[in-house]
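Below is the sequence, then the predicted model.
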Amino acid sequence: MSRQSNRTTDSKKMNSELFTLTYGALVTQLCKDYENDEEVNKQLDKMGYNIGVRLIEDFLARSSVGRCQDFRETADVIAKVAFKMYLGVTPSVTNWSPAGDEFSLILESNPLVDFVELPDNHSNLVYSSLLCGVLKGALEMVQMAVDVRFAQDTLRGDSVTEIRMKFIKRIEENVPAGDE
Amino acid sequence: MADDVLFEFLHMEIVAHVYKEQATRDDIDKERVTCVSTLEGMGFRVGQGLIERFTKDCPSFKDDLDIMKFVCKDFWSTIFKKQIDNLRTNHQGTFVLQDNTFTLLTQFSIGKQYLEDAPKYLAFSCGMIRGALSNLGLEGVVTAEVSVMPSCKFQVVIQKT
């Protein structure tokens, strides 16, 4: 039957589209619920954070990555393992700050923005804000406080998507008082 | 390409968000209905988009039953990694799709504890089915019910124009 052809390749692609379309429906709904783009960005970031704190467990369970020794290793794992596993793209890690505490992830293509165009009245919307939240949430669960923001966004006319990540501090594990 | 688990997490988060949003506004009675219809509406758009992409190169369907079978087999397997376990119809426009281990419910504990909350997690999928059917030319009403976790039944009533 002609319908049966290309089933496996198509189904992977369809799942990506399922996620992309669902994300699009979410952003649309949020734009309806909130008056301004800043609020939408914040909500997406919060939701991303909630997803990130759970996603890290899934990630650690499925990849056999051990503890990272430093921030550079973390950057590599995020780009080469995590992004590849979840979004099927491998961003490049560049623009390290001299202190080694800040770097950029450059994405040639961002799966979240397939089929998306930003209308003129939403110029402040950072469409993929969810990603910032996910990265923040996930890293917080492995004791790293980071700041994540979009430096460049193809939806706003830039040629690539650039995510800037800055290490803030190490979060100490809280041991309950009686356990010392 | 995006991993399956991403959709599950995103879906959970969307449901949580929609309900939290409603809770901050008043009128508890309206709350449930609005949340479900918001989720269903989102699912509708997604279903429409997906089915368009999915059936781009497919030959056209013979009749309603053929369309429902497509939804049960190909559409369901792509999205939920499995086919519908049971399809019943009265041949007069009503179809019941039964899924014995619905993917979005498997994370819940089996038993009565979350039975009341389960419909929240089915609204989006109902919308997806309705959206998919709508773009294939069938207008219908889709509802879901859960009696035993994680199995659920989607009831589709096609409206004859």
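Structure received.

secondary structure class for the nearest residue to B:F9 once chain neighbours are set aside?
Leaving aside its sequence neighbours, B:F9 sits nearest to A:I51 (C-beta to C-beta, 6 or more residues apart in numbering or on different chains; 4.7 Å). C-beta here means a position set from N, CA and C on the backbone, and glycine is covered the same way. Counting by DSSP: H, G, I helix; E, B strand; the rest coil, the backbone at A:I51 sits in helix.

what about A:I51, how many neighbours?
For A:I51, the count of nearby residues is 22 (other C-beta atoms under 10 Å in any protein chain shown).

mind checking how far it is from B:K62?
For A:I51, the distance to B:K62 equals 42 Å [C-beta to C-beta, to the nearest Å].

quick revisit: the residue nearest to B:F9: what's it in contact with?
Shown in contact with A:I51 (C-beta atoms under 8 Å, 6 or more residues apart in numbering or on different chains): A:130, A:133-134, A:137, B:9-10, B:13.

now with 10 Å?
Counting by C-beta atoms under 10 Å, 6 or more residues apart in numbering or on different chains, A:I51 makes contact with A:130-131, A:133-134, A:137-138, B:6, B:8-10, B:12-13.

which ones are touching B:M42?
Applying C-beta under 10 Å, 6+ apart to B:M42 gives the contacts A:21-22, A:24-26, A:28-29, B:11, B:14, B:18, B:123-124, B:127-128, B:131.

among those residues, who's most crowded?
B:M128 (29 neighbours).

For it, what is the enclosing helix or strand?
Per DSSP states H and E: B:M128 is located in helix B:123-135.

do the same with A:L131
Going by DSSP H and E, A:L131 is part of helix A:129-140.

From the contact counts, what lies against that helix?
With contacts defined as 3 or more C-beta pairs under 10 Å, 6 or more residues apart in numbering or on different chains; DSSP states H and E, the packing partners of helix A:129-140 are helix A:7-33, helix A:37-62, helix A:83-87, strand A:102-107, strand A:144-152, strand A:161-170, helix B:4-24.

can we see that at 6 Å?
Packed against helix A:129-140 by the contact rule (3 or more C-beta pairs under 6 Å, 6 or more residues apart in numbering or on different chains; DSSP states H and E) you find helix A:37-62, strand A:144-152.

Need the winner for burial among these.
helix A:37-62 (a mean of 18; mean count of other C-beta atoms under 10 Å in any protein chain shown).

how far does that one sit from the chain's center?
8 Å (C-alpha atoms, centre = their mean, to the nearest Å).

ranges for the helices of chain B?
Taking DSSP state H as the test, the helices found in chain B are B:4-24, B:28-54, B:64-70, B:76-80, B:123-135.

centroid residue for chain B?
Closest to where the C-alpha atoms of chain B average out (C-alpha atoms, centre = their mean) is B:S125, at 2.1 Å.

Now tabulate the helices of chain B in a markdown table and tack on mean pLDDT.
Shown next, in a markdown table, are these (pLDDT from 0 to 100):
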| stretch | mean pLDDT |
| --- | --- |
| helix B:4-24 | 87 |
| helix B:28-54 | 85 |
| helix B:64-70 | 89 |
| helix B:76-80 | 87 |
| helix B:123-135 | 93 |
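
For those, state which one has the densest average packing.
The highest mean neighbour count among those, using mean count of other C-beta under 10 Å, belongs to helix B:123-135: a mean of 24.

and the residue nearest to B:F9, how far is that from B:M68?
Distance of A:I51 to B:M68, computed by C-beta to C-beta: 33 Å.

again, but for A:G137
According to C-beta to C-beta, A:G137 and B:M68 sit 40 Å apart.

And B:T78, by the same measure?
Taken as C-beta to C-beta, the span from B:T78 to B:M68 is 16 Å.

same thing with B:P119?
In terms of C-beta to C-beta, B:P119 sits 22 Å off from B:M68.

With B:Y121 instead?
B:Y121 is 23 Å from B:M68, by C-beta to C-beta.

quick one on the thing from earlier: nearest to B:C58, of the contacts of B:M42?
The nearest member of the contacts of B:M42 to B:C58, counting by C-beta to C-beta, is B:G131 at 17.0 Å.

residues contacting the closest one?
Listed by C-beta atoms under 6 Å, 6 or more residues apart in numbering or on different chains, the contact partners of B:G131 are B:44, B:47-48.

again, 7 Å this time
By C-beta atoms under 7 Å, 6 or more residues apart in numbering or on different chains, the residues touching B:G131 are B:43-48.

Sounds good, over and out.
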